[in-house]
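In: Generate a structure from the sequence data that follows.
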Amino acid sequence: MSSLDHENNTISLQELSKEPLLAVPPHYIQLDQESPCSSPSHLMPAIPIVDMESMTLGQAKDFELQKLHSSCKEWGVFQVVNHGVSSSVVEKLKYEIEEFYKLPLEEKMRYKLRPGDVEGYGQTIANLTDQNIDWGDRFLMVINPIHKRNPHLLPELPSSLREAMEAYFKETQKLAKVLFKLIGQALEIDKREMEDMFEDGLQLVRMNYYPPCPQPELVVGLRPHSDASGLSILLQVNGVEGLQVKKNGVWVPVNILPNAFVLHIGDVMEVHTFSLAYLLYNATKICICLTLHG
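Out: Just a heads-up that it's a prediction; the model follows:
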């Protein structure tokens, strides 16, 4: 099956990359983007690590809150460990996501982007000759409020994936509520103001699939951006790294710890952190990002 759905110009890079590629197709080349960091990671500053357990239960609560404060103010991004989200829920979701990407293209195309819509699987391209796109497939869906869910997406996913996602959303939403409370304390924002900012807000999930690239220096998986949200919770599915964040004009690689989430504070909270995803020659990278908007 062709990697391009000609009806509405939806392309599957995953399918395209199954063919022997000696060079990057022209519409993926992005020479105008900043180069990612190439320095050894041990020579670069590391993004902060926040221990949720110590911050909520331990004697080091004040110290961890101060660390959260500096993480928000100075970085806008940090890793969270001991977060309380069930490891079995996380591992089940990782497995089901990888199984989804093993489905035949015709199955995945049931969830393709439709004309005029931003939700769905793949990427849309108006004209391959004049539009450069990221080296990756995405799958974007609204998950909350429930009445805003697209009826042909989450409700129609394979039942095992849908159930794994629902369990994961339930746990990460609990985590997000605790984090909003703690961030409010750390930044000395009024509790009610924080609650009003995000109560009944829009919640999205985005799965990103980055296949191996024959010329990774010519492409980006996800171009530099800041998140137009309140908070993004990033889970690395298969252990392949590639995320970088910009700190004081320098791209810093994010070495994600086992069983950790990367938390990215978005534009709604007026902390602007730029990030990108870069590619490797012989590795497939998969991640899932839950974003919460005010």
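In: use CA for all of it now, contacts and neighbours both
Out: Will do.
In: which ones are touching the residue nearest to residue 69 when sequence neighbours are not counted?
Out: With Cα to Cα, 6 or more residues apart in numbering as the criterion, residue 69 has its nearest non-adjacent residue at 4.9 Å, and that residue is residue 186. Counting by Cα atoms under 8 Å, 6 or more residues apart in numbering, residue 186 touches 65, 66, 68, 69.
In: got a winner among those residues for most neighbours?
Out: Neighbour counts for the contacts of residue 186 (other Cα atoms under 10 Å) peak at residue 68, which has 29 neighbours.
In: So which other helices or strands are in contact with the host helix or strand of that residue?
Out: Here residue 68 sits within helix 61-70, counting by DSSP states H and E. Judged by 3 or more Cα pairs under 8 Å, 6 or more residues apart in numbering; DSSP states H and E, helix 61-70 is in contact with strand 49-51, helix 52-56, helix 159-186.
In: so what strands line up beside the shortest one?
Out: Going back to what we said before, that points to strand 49-51. strand 77-81 (parallel) (DSSP bridges).
In: Mean confidence (pLDDT) on the partner strand, please.
Out: Averaged across strand 77-81, the pLDDT comes to 93.
In: what does stretch 212-226 give?
Out: Mean pLDDT, stretch 212-226: 81.
In: how about low-confidence regions in the stretch 101-250 of the chain?
Out: Across the stretch 101-250 of the chain, residues meeting the criterion (pLDDT under 70) sit at 125-131, 194-200, 225-229.
In: Against residue 141, how distant is residue 212?
Out: 25 Å (Cα to Cα, to the nearest Å).
In: got it, and residue 209?
Out: Residue 209 is 15 Å from residue 141, by Cα to Cα.
In: What of residue 20?
Out: 31 Å.
In: more crowded one of these two?
Out: residue 141 (21 against 8).
In: list the contacts for that one?
Out: Here residue 141 is in contact with 119, 120, 149, 150, 153, 154, 204, 205, 206 (Cα under 8 Å, 6+ apart).
In: Looks like the third one contacts residue 156 (just checking).
Out: No - distance between residue 149 and residue 156: 10.9 Å, which falls outside the contact criterion (Cα atoms under 8 Å).
In: of the two, who's got more company?
Out: Counted by other Cα under 10 Å, residue 149 and residue 156 do not tie: residue 149 has more neighbours, with 16 against 12.
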